[in-house]
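only geometry, no sequence info:
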């Protein structure tokens, strides 16, 4: 699994957990719809730290809270 796939899975999980739409996340985070679609459909090879910070902000959480998930500590996570 790539880092982008891990971020997309984390976003999907948080959207479901918080009963939040992708549109609301885009509005709250400031990430444009096209960019969000690329992340969610796993079209990106990498995702920047800035984008992850914006996602965390959109969920009203710190970067550390966003990254505090076992998906980011998996041995299967590919770091390029």
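Good, I have the coordinates. Computed from a predicted model, the values in this text were never measured in an experiment. Numbering: from 1, shown residues only.

Phi, psi for residue 67 please.
Dihedral pair for residue 67: phi -80, psi -10, per degrees, to the nearest 10.

three-state assignment of the residue lying closest to it once chain neighbours are set aside?
Leaving aside its sequence neighbours, residue 67 sits nearest to residue 52 (C-beta to C-beta, 6 or more residues apart in numbering; 7.5 Å). All C-beta spots, glycine's among them, are computed from the backbone N, C-alpha and C. Recorded secondary structure, residue 52: helix (DSSP: H, G, I helix; E, B strand; the rest coil).

Would you confirm that residue 52 contacts residue 61?
No. Using C-beta atoms under 8 Å, residue 52 is not in contact with residue 61, being 11.3 Å away.

can you list residues touching both of those two?
Between them, residue 52 and residue 61 share no contacting residue under C-beta atoms under 8 Å, 6 or more residues apart in numbering.

Please enumerate the helices of the protein.
3-17, 22-29, 33-40, 49-58, 63-67 (DSSP state H).

who's in contact with residue 37?
With C-beta under 8 Å, 6+ apart, residue 37 has these contacts: residue 43.

any idea of the pLDDT on it?
If you check residue 37, the pLDDT there is 94.

What about the residue nearest to residue 45 when sequence neighbours are not counted, how many residues nearby?
Distances taken as C-beta to C-beta, 6+ apart put residue 4 closest to residue 45, at 6.6 Å, once the chain neighbours are dropped. Using other C-beta atoms under 10 Å, residue 4 has 20 other residues around it.

picking up where we left off before, so residue 52 and residue 61 - more neighbours on which side?
Neighbours per residue, other C-beta under 10 Å: of residue 52 and residue 61, the larger number sits with residue 52, 18 against 15.
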